[in-house]
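1. Build the 3D model from these lines:
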Amino acid sequence: MLEFLHPGPDSKNELMETLAEAEQRELIEPESRQMLEGVLRMAELSAGDAMVAAPRMDLLDIDSPYDELLGIVIDTAHSRFPVFEGHRDNIIGILLAKDLLKMQRAPELNLRALLRPAVFVPESKGLNELLREFRSNRSHLAIVIDEFGNTAGLITIEDVLEEIVGEIEDEFDEQSSDTGIYTLADGSQRVAGDASIAAVNGAFGTALPDADFDTIGGLVAHEHGRVPRRGETVRVAELNFAVMLTRGGAVRWFKVTRAQADETSA
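-> A predicted model of the protein is given here:
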């Protein structure tokens with residue numbers, strides 16, 4: 001009788017509408033609604049949807065000298081690195097940045113002995129299942145494999161959680177006013193996909209056309225012929241736009257660097 005008088009939602013879309021109505025009636029906070037919607041959407045996503053594509057992976061070569069490895073760790077500021085031998089597809093383990101520092105006090109240590117086992121998952125693995133595995137085996141990073149057994153990318157527990165809570169800001173990121181442009185630890189810029197073209201021109205001293213597009217994401221998609229996927233890089237004028245995060249069919253964040261003079265358009 002209660003269900004007849006007050007029927008519940010019959011589909012995910014109806015449930016989303018119910019959550020939106022609850023927010024409008026101030027029964028839940030906007031942040032709570034966004035997180036609940038993120039949980040619902042995550043059930044439909046796979047590792048391939050949220051991974052960092054292979055071309056953008058920061059890897060360490062097991063045969064590189066210590067100083068070179070340390071330089072990469074400092075420049076990229078990651079805490080974990082896949083390590084390969086011979087070629088990039090041959091991942092032999094994961095190195096924690098803090099473990100590499102042990103070699104400063106004990107140079108005789110064998111780098112191979114510091115490697116942690118790598119976790120491999122298929123592109124099709126659901127994010128819900130992957131999050132359970134991250135929690136159960138205390139892993140924070142997994143290598144994503146395509147249907148042919150090649151390295152497709154990597155995914156971290158932070159990537160999965162961001163599908164629920166949204167972008168997790170780095171404590172070293174420095175925001176440039178309210179333009180959606182941030183300075184990263186390596187000196188590059190992180191630019192929101194909905195940042196205005198005028199803001200990008202002001203930050204980089206460029207003259208990108210802004211007559212036909214409202215946002216930088218729209219301009220980049222037009223130049224590329226479609227919305228670029230995570231891991232792809234698009235060159236527009238003298239700037240390279242590397243896609244860091246996509247959500248809802250649009251680019252959420254770009255990493256923007258100046259293109260070298262001899263680079264060709266991506």
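
2. Looks like residue 53 contacts residue 242 (just checking).
-> No: the pair residue 53 / residue 242 is not scored as a contact, 9.9 Å apart, by CB atoms under 8 Å. Quick note: C-beta positions are derived from backbone N, CA and C, even for glycine.

3. what is in contact with these two at once?
-> In the contact map built from CB atoms under 8 Å, 6 or more residues apart in numbering, the residues linked to both residue 53 and residue 242 are 231-232.

4. where do the helices sit along the stretch 1-150 of the chain?
-> Along the stretch 1-150 of the chain, counting by DSSP state H, counting those that start in this stretch, helices occupy 2-5, 12-24, 30-42, 47-50, 66-76, 97-100, 102-105, 127-137.

5. quick one: average confidence on stretch 255-266?
-> In this model, stretch 255-266 has an average pLDDT of 71.

6. With stretch 161-172 instead?
-> 63.

7. Equivalent analysis for stretch 83-103, please.
-> 92.

8. if we can go back for a sec, so which of the helices of the stretch 1-150 of the chain is the most packed in?
-> The densest packing among those, expressed as mean neighbour count by mean count of other CB atoms under 10 Å, is seen in helix 47-50 with a mean of 21.

9. May I have the secondary structure class of residue 154?
-> Of the three states, residue 154 takes strand under DSSP: H, G, I helix; E, B strand; the rest coil.

10. Please report the distance of the closest residue to residue 114 other than its chain neighbours from residue 109.
-> Spatial nearest neighbour of residue 114, excluding adjacent residues (CB to CB, 6 or more residues apart in numbering): residue 99 at 4.4 Å. Separation of residue 99 from residue 109 (CB to CB, to the nearest Å): 9 Å.

11. same thing with residue 92?
-> Distance from residue 92 to residue 109, counting by CB to CB: 17 Å.

12. Residue 204: what's it in contact with?
-> Contacts were defined as CB under 8 Å, 6+ apart; by that measure residue 204 touches 189, 239, 256, 258.

13. what's the answer for residue 102, then?
-> Shown in contact with residue 102 (CB under 8 Å, 6+ apart): 109, 114.

14. Filter the contacts of residue 204 down to the buried ones, PyMOL style.
-> To isolate in PyMOL the members of the contacts of residue 204 that are buried, counting by 16 or more other CB atoms under 10 Å, one can use:
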select buried, resi 189+239+256
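
15. can you put the contacts of residue 204 in JSON lines and add distance to residue 135 and secondary structure?
-> Converted to JSON lines, the contacts of residue 204 look like this (distance: CB to CB, whole Å; DSSP: H, G, I helix; E, B strand; the rest coil):
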{"residue": "189", "distance to residue 135": "34", "secondary structure": "strand"}
{"residue": "239", "distance to residue 135": "39", "secondary structure": "strand"}
{"residue": "256", "distance to residue 135": "34", "secondary structure": "strand"}
{"residue": "258", "distance to residue 135": "41", "secondary structure": "strand"}
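
16. all strands for this protein, in order.
-> Listed in chain order, the strands found in the chain under DSSP state E are 52-53, 60-61, 80-85, 87-96, 120-122, 141-145, 151-156, 174-176, 181-183, 189-192, 233-236, 239-247, 250-258.

17. And these: which comes nearest residue 21?
-> strand 239-247 (22.9 Å; CB to CB).

18. What is the closest one packed up against?
-> With contacts defined as 3 or more CB pairs under 8 Å, 6 or more residues apart in numbering; DSSP states H and E, the packing partners of strand 239-247 are strand 233-236, strand 250-258.

19. Name every strand pairing with the first one and say which way it goes.
-> Yep, that's strand 233-236 we're talking about. Strand 233-236 has its sheet partners listed here by DSSP bridges as strand 239-247 (antiparallel).

20. contacts for the partner strand?
-> Where contact means CB under 8 Å, 6+ apart, the residues beyond strand 239-247 that reach it are 56, 162-163, 167, 190-191, 200, 204, 206, 208, 216, 220, 227-235, 251-259, 263, 266.

21. Of the residues you listed, which count as buried by neighbour count?
-> Among the contacts of strand 239-247, those that count as buried by neighbour count (16+ other CB under 10 Å) are 56, 162-163, 190-191, 200, 204, 208, 216, 220, 227-228, 230-235, 251-257, 259.
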